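# Provided below are the primary sequence and the corresponding predicted coordinates.
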Amino acid sequence: MTMATLVSTEREPGRFDNIKGYLARNPSLTIGILLVAFLVLFSFFGSFFVDERMARPLSAPPSQPPGAGLPFGTDTQGRNLFAVLVYGTWLTVRLGLIAGAIGMFIGGSLGFISAYFGGWTDRIINFATDVLLTVPALLILVIIASAFKEGMTPTMMALIIAALAWRRPTRQIRAQVLVMRNAGYVDTARISGAGPFEIIFFELVPNLMPYLVASFVTAVSAAVLASIGLEAMGLGPQNAPTLGMSIYYMMNFSAFLLKLWWWIIPPIAALIILFVGLYLINTGLDELANPRLRRRA
């Protein structure tokens, strides 16, 4: 067999091999993805074993410890805590995804437009962002959530949080684009006759994609944290079994004083896994977004 034949028979590494190799070199990203995937898969497959109605009050005997048919027991309202965790985990993750996506879309759009066009456009957007950044976000969210407390749903909660989730991404993405807008490839595209939005979509966005993905993960974490804060104060969707509302009912019905550990541990453990997973994903993506870390790796 000739050397040429040996070379031709060697399999060239494909995209999947490159991704697998990168994940092997980036344990933070790998572990973070596994943790978040575990929660999503737990919620997905768990929904085949328990009905959503079991997460509602009076669906089971109250204050029952874990046992046959009740893996996590019940709370003082008679809710099956396994069902609460199954459906509440996905509701909380979905809330964070919706609020984070809306915040990143608005903030990213404003950041790109502000930095690239400059002039009065940049001044107006930058002034509005700076003013709103000085206002305590929690205060505004409490006022808005209080106004819509009756009939609140997880989707409404996500939209309320998204109303302020765009401010920080606008500032951060604007700073990145200010550095990139005079890069050589941008000047080349401009000389070639490309329009402003064509340059933004086909030149700037692809080069900033790792940073945008990392920012999105941060936005999701911040949205979930904001929702838990509002729900713990009783301003969340009262009829939805989100993890934040589980914590609110836990405090409201003195689960700590009654030492109902089977009620306390599951939602807190799910939130810890979620936040640790998102943090590790963000840390792993930082290697892609930060050239210095890439060179070190």
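Perfect, thanks for sending it.
# distance of Ile140 relative to Ile228?
From Ile140 over to Ile228 the distance is 17 Å, taken as Cβ to Cβ, to the nearest Å. Just so you know, the C-beta spots here come from the backbone N, C-alpha and C atoms, and that holds for glycine as well.
# the more surrounded of these two?
Between Ile140 and Ile228, counting by other Cβ atoms under 10 Å, Ile228 is the more crowded of the two (24 against 14).
# the more buried one belongs to a helix?
Yes: under DSSP: H, G, I helix; E, B strand; the rest coil, Ile228 sits within a helix.
# excluding sequence neighbours, find me the nearest residue to it.
Spatial nearest neighbour of Ile228, excluding adjacent residues (Cβ to Cβ, 6 or more residues apart in numbering): Gly244 at 4.0 Å.
# just Met152 next, same as before
Spatial nearest neighbour of Met152, excluding adjacent residues (Cβ to Cβ, 6+ apart): Pro237 at 4.5 Å.
# isn't the one you found right up against Leu243?
No: the pair Pro237 / Leu243 is not scored as a contact, 11.8 Å apart, by Cβ atoms under 8 Å.
# and these two? Which one has more around it.
Leu243 (25 against 22).
# residues in contact with the more buried one?
Counting by Cβ atoms under 8 Å, 6 or more residues apart in numbering, Leu243 makes contact with Leu85, Gly88, Thr89, Leu91, Thr92, Ile228, Pro267, Ala270, Leu271.
# count the residues that sit near the last one.
When neighbours are defined as other Cβ under 10 Å, Leu271 has 20 of them.
# quick check: buried residues in the helix or strand where it lies?
When elements are assigned from DSSP states H and E, Leu271 belongs to helix 261-289. For helix 261-289, a neighbour-count test (16 or more other Cβ atoms under 10 Å) marks 262-264, 266-267, 270-271, 273-274, 277-289 as buried.
# check stretch 39-53 too.
Under the neighbour-count criterion of 16+ other Cβ under 10 Å, stretch 39-53 has Leu39, Phe42, Ser43, Gly46, Val50 buried.
# before we move on, what about stretch 118-126?
Of all the residues in stretch 118-126, those buried under the rule 16+ other Cβ under 10 Å are Asp122, Ile125, Asn126.
# next one: that stretch to chain centre, how far?
Computed by Cα atoms, centre = their mean, to the nearest Å, the separation of stretch 118-126 from the middle of its chain amounts to 29 Å.
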